[in-house]
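Q: Following is a predicted model, sequence given first.
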Amino acid sequence: MAENMDNGGRLIPYEYSGNGREELNYNSSDSEASSSSEEDAYEYTQRKEKFFRHLFNSPLKKIRFSVDGQTGNSFTWSINKSNKLMLNNVVGFNVISARITNTDSPQAAYIDIEITEIPSISCINTSNSQNIVARIPPSSSVVNTYTYHSQTTDLTDNHFFPIELFKLSINLINVTSQSTNLNMICEATVLGDLPEDF
């Protein structure tokens, strides 16, 4: 299979006859499929450019919400109408503050909070995970308690392609206790209202 130029200047596939002569067997169905594929790629490019124009020319909204859990080192926090929170078109994520109490486990040097739904571009990459949203140091005054308050330099402005968050799958790395309390304030960056034809 090779390619040749048709009258419109577009590359179309053809097959050699195999007898050494320059006889070309054009495959019109392949040509039509190629044309359809090119149109799909062009439409995708146009939609992507429209999205980025909207993203960078429209104000973004920041939504803060609290996450509370009393469990072991992992749990799932559901996002739905029952907690009056809908997170559509999320393009950024930060942890503003966190407090972890870990009553029956030796104190660690730190606890990493992993949330698997958050794209790695907005996370801390470690040898254990690419989805660490915050590293929580131990409290200097309370044993087995870890506290974190973000500074401006801690917050990431790295945006990712819009996602819808239905849940947060939270894993506390460096925790072996089955009696752990987590209180966390998070901030999601979301797109403003998208046009109806977007």
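A: Here it is on my side, so go on.

Q: all contacts plus neighbour counts: C-alpha atoms, from now on.
A: Noted.

Q: Which residue ranges make up the domains of this protein?
A: If you go by automatic domain parsing, the domain ranges for the chain are 2-57, 61-190.

Q: deepest of the ones you listed, which one?
A: Greatest average neighbour count among those goes to domain 61-190 (a mean of 16), per mean count of other C-alpha atoms under 10 Å.

Q: follow-up on the earlier one: and the domains of the chain, which one is worst for confidence?
A: Confidence, taken as mean pLDDT, is least for domain 2-57 of the domains of the chain (a mean of 58).

Q: Contacts for stretch 92-109, please.
A: Residues from elsewhere that reach stretch 92-109 (C-alpha atoms under 8 Å, 6 or more residues apart in numbering): 118, 122, 133-134, 136-138, 143-150, 155-160, 174-190.

Q: What strands line up against the top strand by length along the chain, and which way round?
A: As assigned by DSSP state E, the longest strand anywhere in the chain is strand 87-102. Applying DSSP bridges, strand 87-102 is found paired with strand 145-149 (antiparallel), strand 163-165 (antiparallel), strand 180-190 (antiparallel).

Q: I'd like the distance from the longest one to the chain centre, please.
A: This means strand 180-190. Strand 180-190 sits 16 Å away from the centroid of its parent chain (C-alpha atoms, centre = their mean, to the nearest Å).

Q: what do you get for the second one?
A: For strand 163-165, the distance between its averaged C-alpha position and the chain's averaged C-alpha position is 8 Å (C-alpha atoms, centre = their mean).

Q: contacts for that strand?
A: Against strand 163-165 from outside (C-alpha under 8 Å, 6+ apart): 79, 86, 87, 88, 89, 90, 91, 117.

Q: Now do the contacts for the residue nearest to residue 85 when sequence neighbours are not counted.
A: The shortest distance from residue 85 to any non-neighbouring residue, by C-alpha to C-alpha, 6 or more residues apart in numbering, is to residue 79 (6.3 Å). Residue 79 makes contact with 85, 86, 87, 165, 166, 167, 168 under the criterion C-alpha under 8 Å, 6+ apart.

Q: One more: residue 136?
A: Residues near residue 136 by C-alpha under 8 Å, 6+ apart: 98, 110, 111, 112, 113, 146, 147, 148.

Q: try it again with 7 Å
A: By C-alpha atoms under 7 Å, 6 or more residues apart in numbering, the contact list for residue 136 reads 110, 111, 112, 146, 147, 148.
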